[in-house]
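# Next input, structure requested:
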Amino acid sequence: MKAVVDTAVDGVILIDARGTVLKFNPACEKLFGFSAAEVVGQNVKMLMPAPFRGEHDSYLTNYHRTGVAKIIGIGREVVGQRKDGTTFPMDLSVGEAKEDGESIFVGIIHDLTERKRSGQAIREAAQRLKAVVDTAVDGVILIDARGKVMMFNPACEALFGYGAAEVIGRNVKMLMPARFRGEHDRYLSNYLTTRVPKIIGIGREVSGRRKDGTTFPMDLSVGEAMQDDGPVFVGIIHDLTERKRTSEQLFQAQKMETVGQLSGGIAHDFNNLLTVIIGNAESLSDVLKARPDLRKLAEAIIAAGERGAELTQRLLAFSRRQTLKPSQIDCNQLVDKMGRLLRRTLREDIDIATTLESELKSAFADPAQLESAVLNLALNAQDAMPSGGRITVSTANASLDEQYRSTHPEVPTGDYIMVAVTDDGDGMPPEVLARAFEPFFTTKEVGKGSGLGLSMVYGFVKQSNGHVAIYSEVGLGTTVRIYLPVARGDDSHEAALTAAEETLAPGGGETVLVAEDDAFVRDHAVSIIKGLGYQVIASVDGDDAMRCLASGAAVDLLFTDVVMPGSINGIDLVERAQQLRPGLKVLLTSGYALDNLRARRQLPSGITVLHKPYRKVELARRIRDTLDTVVETSD
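Residues are numbered from 1 along each chain as shown. Below is the predicted model:
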């Protein structure tokens, strides 16, 4: 027994009924800091903090009076005091024995210091973890191996619409759309059989179900932990709704940009063909003056070509390559004038109203294109109100900030002038709204619409460095808001040339260098220019034209396309030609708009532009006007 007591890890102490220490083993010496010689024969109160000594005396007094040892038992937590005066928690188990008819008490003492320290550390860690979980932006959910929810943080409450009390203790399936619940049951059944948690991992996209029955996309990351009663799963839930919305809007913007580039390319090539078609039809018309029946056919070709040109202009509008004439616009004045036009244009059962901001700033855009956009929107609104209704055209100063840009990443922040057209018609369902700006998309009957009205509005606004947005609800109506840039004090615009006169301007024998890569268009232009009385040199691209100029050939006018293959495009050709021959007259032609080049100062000043497809009289007038223009040169 002595060997057992002396080698015990826990302290062993014997005291008699008067509290005198009879035995103090080595573990007690280490625990209290006293040697056995210092303690044996002394009252055990020396090992207690002062506040507990009176309680000890009361216990012994009661024991001598009643003979009942109330302290007997296992695992009572008390406080001990070391020789240096420090205290520590300890677990005390006491047993009673008899010796010579008197009671002695055996105490087993286990130091709780480390356990207490560990417990405190665990409690503090739990508090920190709880603070993190409770304040986390993402949802945190804890479930057991049977799918029962054990924890549901505030972010989950906000995300799903349930309070924690409504969810904890219930199966997590309540948070899933019905079509996924069977899959969840199969997963748990498989896990309980195989213990293989297949769902563990980071970033799995799933669907959640809110209390109101709506669903939403979420990113779910799941980890596994073990507890005494089995595994638990921790899920981190991130709402993907905004990310999805932003991604879809960015994709839509990129899609519209891609379609715009395709449309612009098609329109450019089509303009080249129309130039040849209209030009040759005009030549036929001139030749067939004596044959009215055949001349009528040639004029029909011209009319069809011009209608085709209108179509290409719409495509160029969508692709942001049309020619604009921006200037400062008083949108209130424009809308007021448009109100009178709309009342004459729309059906009588359509009521027109205007709401104008009194201190409206000036916008910077093409006023004719803005009028066309408002008219297009009003006609669309009329179609959405077959039984009549109200169209409201309004203006306002607007500011699109970073918060707006977070959901419309393609829109520059800043101040804008807003022009809105609102109707109380049928409205558009989401699937139609998503495609409203796409060219050739229409919900109208065949023959009732081209599907280019809204796409033209879109292209005009984007080319004007603005933004356009549609808001629509089925049965409530639609609002289209156009945001145009605010005019600066130095905004100006070079006026476009007026339409050509109907009489041909004859040539004077000058030499024109034609640079055009499209053989059909080149031959057509050369034929017309020669017929006007000019000498013509034809070149197939910019490099060929530069070789001609470098050879010393006499050239009075360079007539060049803008878009050409090879190392020298039309703009480069103009710059190099004028460096080689200062004062050389230049006439550009293109199906694309050149306003952006002017804005970036990439288009040489004083250059005249003839837009494809052009009529014979237009080409004649532009060549003559350009040759007659006096150009100042410096030595």
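
# And Ser605, what's its pLDDT?
What the model reports as pLDDT for Ser605 is 61.

# And Gly265, by the same measure?
pLDDT at Gly265 comes out at 57.

# now do Leu14
93.

# Likewise for the one 4 residues further on?
Per-residue confidence (pLDDT) for Arg18: 87.

# ok, how many other residues are close to it?
11 (other CB atoms under 10 Å). Any C-beta I mention is one placed from the backbone N, CA and C, and that applies to glycine too.

# So the closest residue to it other than its chain neighbours versus Thr20, what's the distance?
For Arg18, ignoring the flanking residues on the chain, the nearest one in space by CB to CB, 6 or more residues apart in numbering is Leu60 at 7.0 Å. Note on Leu60: its distance to Thr20, by CB to CB, to the nearest Å, is 11 Å.

# Compare neighbour counts for the two and give me the winner.
Neighbours per residue, other CB under 10 Å: of Leu60 and Thr20, the larger number sits with Leu60, 18 against 14.

# would you say the more buried one is within a helix?
Yes: counting by DSSP: H, G, I helix; E, B strand; the rest coil, Leu60 is found in a helix.

# do you know how far it is from Lys45?
Relative to Lys45, and taking CB to CB, Leu60 is found at 10 Å.

# tell me, what's touching these two both at once?
Common neighbours of Leu60 and Lys45, counting by CB atoms under 8 Å, 6 or more residues apart in numbering, are Gly19.

# Surely the residue nearest to Arg18 touches Ile15?
No: in this structure Leu60 lies outside contact range of Ile15 using CB atoms under 8 Å: 9.7 Å.

# Please name the spatially closest residue to Ile74 (chain neighbours excluded).
Using CB to CB, 6+ apart, the nearest residue to Ile74 is Ser93, at 4.4 Å.

# CA atoms of the helix or strand harbouring Val79 as PDB?
Using DSSP states H and E, Val79 falls within strand 73-81. Taking C-alpha atoms only, strand 73-81 is exported to PDB below (Å, rounded to 0.1, in the frame of the first residue of the first chain):
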ATOM      1  CA  GLY A  73     -17.800  11.300  -2.000                       C
ATOM      2  CA  ILE A  74     -16.100  11.300  -5.300                       C
ATOM      3  CA  GLY A  75     -15.200  14.300  -7.500                       C
ATOM      4  CA  ARG A  76     -15.800  17.400  -5.500                       C
ATOM      5  CA  GLU A  77     -14.200  20.500  -7.000                       C
ATOM      6  CA  VAL A  78     -12.400  22.600  -4.300                       C
ATOM      7  CA  VAL A  79      -9.500  25.100  -4.100                       C
ATOM      8  CA  GLY A  80      -6.100  24.400  -2.700                       C
ATOM      9  CA  GLN A  81      -3.300  26.800  -1.600                       C
END
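
# Describe which strands it pairs with in its sheet and in which direction.
strand 87-99 (antiparallel) (DSSP bridges).

# Give me the contact list for the strand it pairs with.
31, 49, 69, 71-82, 103-113, 116.

# so how far is it off the chain centroid?
70 Å (CA atoms, centre = their mean, to the nearest Å).

# And stretch 378-388, by the same measure?
Distance, centroid of stretch 378-388 to centroid of chain: 32 Å (CA atoms, centre = their mean).

# Can you list the neighbours in contact with it?
Residues contacting stretch 378-388 (CB under 8 Å, 6+ apart): 342, 345-347, 349-351, 391, 393, 421-427, 444, 449, 453-454, 477-478.

# so how far does that stretch reach from one end to the other?
13 Å (CA to CA, to the nearest Å).

# Please apply the same query to stretch 557-567.
22 Å.

# So Gly477 is in contact with Thr422, correct?
Yes: Gly477 is within contact range of Thr422, at 6.6 Å (criterion: CB under 8 Å).

# Nearest residue to Ala469 in space, please, no chain neighbours.
Using CB to CB, 6+ apart, the closest residue to Ala469 is Arg481 (5.1 Å).

# I'd like to know which helix or strand in the protein has the lowest mean pLDDT.
Ranked by mean pLDDT, DSSP states H and E, the weakest helix or strand in the chain is helix 595-599, scoring a mean of 46.

# other SSEs contacting the helix or strand that it is followed by?
Sequence order places strand 608-611 as the next helix or strand after helix 595-599, per DSSP H and E. Where contact means 3 or more CB pairs under 8 Å, 6 or more residues apart in numbering; DSSP states H and E, strand 608-611 is packed against strand 585-590, helix 616-628.

# Okay, now the sheet partners of the helix or strand that contains Thr392, with direction.
Assigned by DSSP H and E, Thr392 belongs to strand 389-400. Sheet pairing for strand 389-400, assigned by DSSP bridges, gives strand 350-355 (parallel), strand 414-423 (antiparallel).

# most tightly surrounded among those strands?
Counting by mean count of other CB atoms under 10 Å, strand 414-423 has the highest mean neighbour count of these, with a mean of 22.

# hey, C-alpha coordinates of it in CSV?
What follows is strand 414-423, C-alpha atoms only, in CSV (Å, rounded to 0.1, in the frame of the first residue of the first chain):
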residue,chain,number,x,y,z
GLY,A,414,-20.7,60.0,-64.4
ASP,A,415,-23.4,62.6,-65.2
TYR,A,416,-25.9,62.1,-67.9
ILE,A,417,-29.0,63.6,-69.4
MET,A,418,-31.9,61.1,-69.3
VAL,A,419,-34.7,60.9,-71.9
ALA,A,420,-37.3,58.3,-71.0
VAL,A,421,-40.3,56.9,-72.9
THR,A,422,-42.9,55.1,-70.7
ASP,A,423,-46.1,53.3,-71.6
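
# what's in contact with that strand?
329, 331, 335, 360-363, 370, 374, 377-378, 381-382, 384-385, 389-400, 466-467, 477-486.

# cool, and stretch 552-566?
268, 510-518, 521, 525, 529, 537, 541-543, 545, 548-549, 569-571, 573-574, 577, 581, 584-590, 592, 594, 623, 626-627.

# Apply 6 Å and report the result again.
The contact list for stretch 552-566 (CB atoms under 6 Å, 6 or more residues apart in numbering) reads 510-517, 541-543, 570, 573, 577, 584-590, 627.

# Next: stretch 215-229.
177, 197, 199-200, 202-209, 231-241, 244.

# Out of those residues, list just those in strands.
202-209, 231-239 (DSSP state E).

# Tell me the secondary structure at Ala538.
Going by three-state DSSP: Ala538 is strand.

# tally of neighbours for it?
18.

# Please report the distance of it from Arg204.
From Ala538 to Arg204 the distance is 65 Å (CB to CB).

# How many residues are close by Pro51?
9.

# Checking my notes, it in a helix, right?
Yes: residue state for Pro51 (three-state DSSP) corresponds to a helix.

# Now do the helices in the stretch 351-500 of the chain.
367-383, 402-407, 430-433, 453-463 (DSSP state H, counting those that start in this stretch).

# same deal with the stretch 201-350 of the chain?
With DSSP H, counting those that start in this stretch as the criterion, the stretch 201-350 of the chain has helices spanning 241-287, 292-318, 331-345.

# So the residue with the largest distance to the centre of the chain versus Gly475, what's the distance?
Distance to the chain centre peaks in the chain at Asp100, reaching 90.8 Å (criterion: CA atoms, centre = their mean). Remark: distance between Asp100 and Gly475 (CB to CB) = 102 Å.

# For the helix or strand harbouring Ile141, which helices and strands make contact with it?
Using DSSP H and E, the element containing Ile141 is strand 139-144. The contact analysis (3 or more CB pairs under 6 Å, 6 or more residues apart in numbering; DSSP states H and E) places strand 139-144 against strand 149-152, helix 154-160, strand 230-239.

# How is the chain divided into domains?
When the chain is parsed with automatic domain parsing, its domains come out as 2-111, 117-239, 249-318, 327-485, 511-628.

# Can you tell me the centre-most residue of this structure?
Centroid-nearest residue in the chain, with CA atoms, centre = their mean: Thr246, separated by 2.8 Å.

# Model confidence for it, exactly?
pLDDT, read off for Thr246, is 70.

# Who are the contact partners of Glu299?
Glu299 touches Ser285, counting by CB under 6 Å, 6+ apart.

# ok, now how distant is it from Ser283?
Counting by CB to CB - Glu299 and Ser283 are separated by 12 Å.
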